[in-house]
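*Asks:* The following block contains a protein sequence and its predicted model.
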Amino acid sequence: GIPCDAIVDHTSTHTTHTTNTTQHKREMSNYNQPRIIQLEEGWNDQIKAKAIDVLIDILDNNFEGGRKGFDPGEYIPIYTTCYDMCTQRSPYNWSRDLYNRHGETIQNYLTRTVLPALRQENGIQLLKQLRVRWKNHVIMNNWLKKFFTYLDRYYVKHHSLPTLSEAGLRHFKIQVYDVIKSDACSAILDMVNQHREGSVIDKDLVKNIVELFEAMGMGNLEAYTADLEAALLTGTSEYYKRQCQQWIVTDSTPDYLIKTERALEEERARVADYLNSESEGKLLNCVENELLESVELELLEKEGSGCRFLLANDKSEDLQRMFNLFGRLEHGLEPMASIVQKYITSKGDECHTAREERLKVEKAKEQNVDPEFISALLELHQKYLNVIRTDFAGHALFQKALKDAFVDIVNRKTGKYSNAELMSGYCDRILKSGGGEKLSESEVEGKLDRIVQLFSYLTEKDLFAEIYRTQLSKRLLTGRSLSDDSEKFMIAKLKLQCGTQFTSKMEGMLGDLAVGSDYRSEFDARMRQDNFSTKLDFSVQVLTTGFWPSSKTVNVVPSTEMTKCMGEFKKWHDSKHAKRKLTYMFALGNATVRAVFGKKSYDIQVATLQAIVLDALNGGVTYTFTELAEKLNLEEAVLKPLMHSLSCGKFKVVKKEPSGSKINTTDTFMANPKFSASTRKFRIPMASLDATHNVKRVEEDRTHAIEASIVRTMKARKTLAHQSLVAEVLSQLAFFRPNAKTIKMAIASLIDRQYLERSADDNGVYNYLA
């Protein structure tokens, strides 16, 4: 037994002890908890008084005393106060209130201080004031961001609000920029125009204000583009439109283009100095439109200074400038290229006119060689090829202009002979020894290279090839080729231009000569081995029939000694090539005849036929024309040019009775006992028995080529309309260009021979018959 009161007392005592312990803990907790900062207390006593008011005072007094901001001792307590006010538990978390007051502070300062100051100014003073106020705003925005940094880290992110910097920019844009942007833009445009007129302006000021316009885009250039650039471009167009109207009247085309070039450079520099780089293309486009595109034709065709004048007077620098400037326009070079083409064609017309005038004076003397005319074309082509390469940078439009002009010039016929004949004759003159021009190897190759360039424009390439091959054969067989290297150089150029098929026969001709030298050495060794004696220095050049041009076969009766040598050669040749048939082409051979007139001897270079005639007249015998024809078995058409060359030319080694310049069948011939020449060695040329080219064979080859192209096309397509077939055939024929009528005749011929048929449904459509 413990008494009840004792128990109660004990319990009471214990309870009292527990209550005292709890009170002690609560007092300790209250002692450790930070003091709650009330909104007005923190804002008025700390943030506004020690930060915002001080910052505004610094800005308003233009950083008087050199103070630029806050040192760490001033800044950290403000930051700490803001931090504490944002981290207190609700309802004492003042994050939202501080964010709002941050915006209100900026807004109030802008509306009450900045905007009134700006409204008092205009023009350049407005821009200067705006630069100061914008610079101050940036500083204010940065410091406020530092003070309220904790808001950006948590409150702004959590509530998806604009950052403090963005909010500050937006307030400036709404309260200031939107109000004064129009006046600021006008002031900038005035300064830009003053700069264009040559005045000195404050470029840094303009650049600073342009940067303000850029910043107002909040990360893009929308504000700059809409509020400044659009007006700038309009003003630029208007300015240069006025300049254009003035310059086009007072200046020549070169002077106008010099000013335009300078204007473009100045606008480019202007962008680099104080505008946004994105404006450069648009700004230059305004200048180009007003100064170039709007008056392009007027500038190009201006009398006394336009494109034709510059070409005529070799104004290379001005042409380059014209090309570069009009090349900036989308289709700016097309009118210029057209003028260049017409001008080059007109210069070609002058060459043709000069040839016509010359032919009127020398009508009886017209030949298939006119070096003066071809040289004029070569010089014309070389000159404007260089112009296009240097002045027009080899641009495709101008290359086409040159090509189209020369296709017209080169394929126009003036006089009796086509340009294909004249060009081939020019090549023959260069490649033939004693052709009239003494040229070094490099000069020969240079001229051949240029003639091939001219040849590329020729539509009758097949005709050129036929004539060239004939002349090549004469050079090779008479030993009058300048050099094998030059011949190979020309053939290689033609091959590069037209392909292997075009030059295969020419290459075969050179191959025959290379093999022929081996044949001759072998035959000479055989003659020495057999102790074959002859008074002749006899040699034979074997030609492959398919390579060489067809020539007139003359069944002449050669001299006894020649017949003996020919027989010996046949025996040797048959022993090596039993199945090959030899046919002697006496009209193509040549000989050197030792002749004695009186006490003087001469070495006469003649054709083989001429040598046979001289041998027949040896010893002082006399023959009538008829007797000589019977003795040598020669036709009148062959003997007449033969006897004319020997009795009526420069070297009259044969005496004709009666004398005269024409050969008649009643004439009598004998060796001329009174012949005398100043040189011991000379050549007696003879008129060719063959035409320079076989026109009929060229036409036949063309017909075969057209038909082959038609059949090849129809075999691939099976069915084709008439116009499509004609176009396809024309695109395939590289060496000549037939007219549509010729192709139509070839189609009709193939239908008759059942290669093609007309469609039953459409008469203008053809079907291929397998």
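*Replies:* Noted; the coordinates are in hand. Numbering: from 1, shown residues only.
*Asks:* Outside of stretch 367-383 itself, which residues are in contact with it?
*Replies:* Stretch 367-383 has contacts (C-beta atoms under 8 Å, 6 or more residues apart in numbering) with 344, 347-348, 351, 354-355, 358, 402, 406, 409-410, 414-415, 417, 421-423, 425-426, 428-429, 436, 447, 450-451, 453-454, 692. The way it works is simple: take the backbone N, C-alpha and C, and place the C-beta from them, glycine included.
*Asks:* Average pLDDT for it, rounded please.
*Replies:* Averaged over stretch 367-383, pLDDT sits at 92.
*Asks:* can you start the count at 890 instead of 1 from here on
*Replies:* All set: I'll call the first residue 890, so the last point we hit is now stretch 1256-1272.
*Asks:* Regarding residue 1656, what is its secondary structure?
*Replies:* Look at residue 1656: counting by DSSP: H, G, I helix; E, B strand; the rest coil, its state is strand.
*Asks:* my guess is it meets residue 1650, correct?
*Replies:* No - counting by C-beta atoms under 8 Å, residue 1650 is not a contact partner of residue 1656; they are 10.2 Å apart.
*Asks:* Between these two, point out the one with more neighbours.
*Replies:* It is residue 1656, of residue 1656 and residue 1650, that has more neighbours when counted by other C-beta atoms under 10 Å, with 14 against 6.
*Asks:* can you tell me which residues contact the residue nearest to residue 1084 when sequence neighbours are not counted?
*Replies:* Spatial nearest neighbour of residue 1084, chain neighbours left out: residue 1090 (4.9 Å); criterion: C-beta to C-beta, 6 or more residues apart in numbering. Residues counted as contacts of residue 1090 (C-beta under 8 Å, 6+ apart) are 1080, 1083, 1084.
*Asks:* ok, now with 10 Å
*Replies:* 1013, 1079, 1080, 1081, 1082, 1083, 1084, 1162, 1163 (C-beta atoms under 10 Å, 6 or more residues apart in numbering).
*Asks:* From residue 1131, how far off is it?
*Replies:* Distance of residue 1090 to residue 1131, given as C-beta to C-beta, to the nearest Å: 20 Å.
*Asks:* now residue 1412
*Replies:* 91 Å.
*Asks:* again with residue 1156
*Replies:* For residue 1156 relative to residue 1131 (C-beta to C-beta), the value is 15 Å.
*Asks:* More neighbours: which of those two?
*Replies:* Legend: neighbour count by other C-beta under 10 Å for residue 1156 and residue 1131, higher for residue 1156 (21 against 11).
*Asks:* pretty sure the more buried one contacts residue 1169?
*Replies:* Yes - if you go by C-beta atoms under 10 Å, residue 1156 and residue 1169 touch, sitting 7.9 Å apart.
*Asks:* that older thread, for PyMOL, write a command that selects the buried ones of the contacts of residue 1090.
*Replies:* Selecting only the buried entries of these in PyMOL, with 16 or more other C-beta atoms under 10 Å as the criterion:
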select buried, resi 1013+1080+1081+1084+1163
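*Asks:* Between the contacts of residue 1090, which sits nearest residue 1516?
*Replies:* Using C-beta to C-beta, residue 1162 comes nearest to residue 1516 of those, at 103.1 Å.
*Asks:* count of neighbours near residue 1550?
*Replies:* Count around residue 1550 with other C-beta under 10 Å applied: 9.
*Asks:* cool, residue 1492 as well?
*Replies:* 13.
*Asks:* Just confirm it is within a helix.
*Replies:* No - judged by three-state DSSP, residue 1492 forms no part of a helix; its state is strand.
*Asks:* Was I right to think it contacts residue 1571?
*Replies:* Yes - here residue 1492 reaches residue 1571: they are 8.0 Å apart, a contact under C-beta under 10 Å.
*Asks:* check contacts around the closest residue to residue 1639 other than its chain neighbours.
*Replies:* Leaving aside its sequence neighbours, residue 1639 sits nearest to residue 1645 (C-beta to C-beta, 6+ apart; 4.9 Å). Neighbouring residues of residue 1645 by C-beta under 10 Å, 6+ apart: 1599-1600, 1603, 1609, 1614, 1636-1639, 1655-1658.
*Asks:* ok, 7 Å please
*Replies:* Applying C-beta atoms under 7 Å, 6 or more residues apart in numbering to residue 1645 gives the contacts 1603, 1636, 1639, 1655, 1656, 1657, 1658.
*Asks:* Read off the pLDDT value for residue 915.
*Replies:* Confidence score, pLDDT, at residue 915: 44.
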